[in-house]
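Engineer: Quick one: sequence plus predicted model below, questions after.
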Amino acid sequence: AATAALTRKLGQDDATARQRLQDAMTKAQEIAMSYPRLRTRLDAPAANDYAAAPEKTFESGLHALLDGLERQRAG
């Protein structure tokens, strides 16, 4: 969702916005590789899943919202 929002913010042309975002991420990664501690973090398997959402995040949030509305209605 954050990537989609940033893509919309960067411009109307999705292909151009995605390319600009990819270019910025590549440049940031190149800079980070100059620093040993950052390089270690980027090389770790967790770095690939950093932006991934936990499983069933949407469903869990929806259930919490609906439960709250049900309690409010009942009370």
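Structural biologist: Perfect, I can see it now.

Engineer: give me phi/psi at Met33?
Structural biologist: Taking degrees, to the nearest 10, you get phi -70, psi -10 for the backbone angles of Met33.

Engineer: which SSE is the nearest residue to it once chain neighbours are set aside in?
Structural biologist: Of all residues not flanking Met33 in the chain, Arg39 sits nearest, at 5.1 Å (Cβ to Cβ, 6 or more residues apart in numbering). C-beta coordinates here come from the backbone N, C-alpha and C atoms, glycine included. If you go by DSSP states H and E, Arg39 is part of helix 36-43.

Engineer: which parts of that helix are buried?
Structural biologist: Neighbour-count burial for helix 36-43, counted by 16 or more other Cβ atoms under 10 Å, picks out Leu42.

Engineer: CA-only coordinates of whichever helix or strand comes after it, as PDB, when you get a sec.
Structural biologist: Next helix or strand after helix 36-43 toward the C-terminus (DSSP H and E): helix 57-74. Extracted in PDB, the C-alpha atoms of helix 57-74 (Å, rounded to 0.1, in the frame of the first residue of the first chain):
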ATOM      1  CA  THR A  57      -3.200  -8.500   8.300                       C
ATOM      2  CA  PHE A  58      -6.200  -7.100   6.400                       C
ATOM      3  CA  GLU A  59      -8.500  -9.800   7.700                       C
ATOM      4  CA  SER A  60      -7.300  -9.300  11.300                       C
ATOM      5  CA  GLY A  61      -7.800  -5.500  11.100                       C
ATOM      6  CA  LEU A  62     -11.300  -6.000   9.500                       C
ATOM      7  CA  HIS A  63     -12.300  -8.400  12.300                       C
ATOM      8  CA  ALA A  64     -11.100  -5.900  15.000                       C
ATOM      9  CA  LEU A  65     -13.000  -3.100  13.300                       C
ATOM     10  CA  LEU A  66     -16.200  -5.100  13.000                       C
ATOM     11  CA  ASP A  67     -16.000  -6.400  16.600                       C
ATOM     12  CA  GLY A  68     -15.600  -2.900  17.900                       C
ATOM     13  CA  LEU A  69     -18.600  -1.700  15.900                       C
ATOM     14  CA  GLU A  70     -20.700  -4.700  17.100                       C
ATOM     15  CA  ARG A  71     -19.700  -3.900  20.800                       C
ATOM     16  CA  GLN A  72     -20.600  -0.200  20.300                       C
ATOM     17  CA  ARG A  73     -24.000  -1.100  18.700                       C
ATOM     18  CA  ALA A  74     -24.800  -3.600  21.500                       C
END
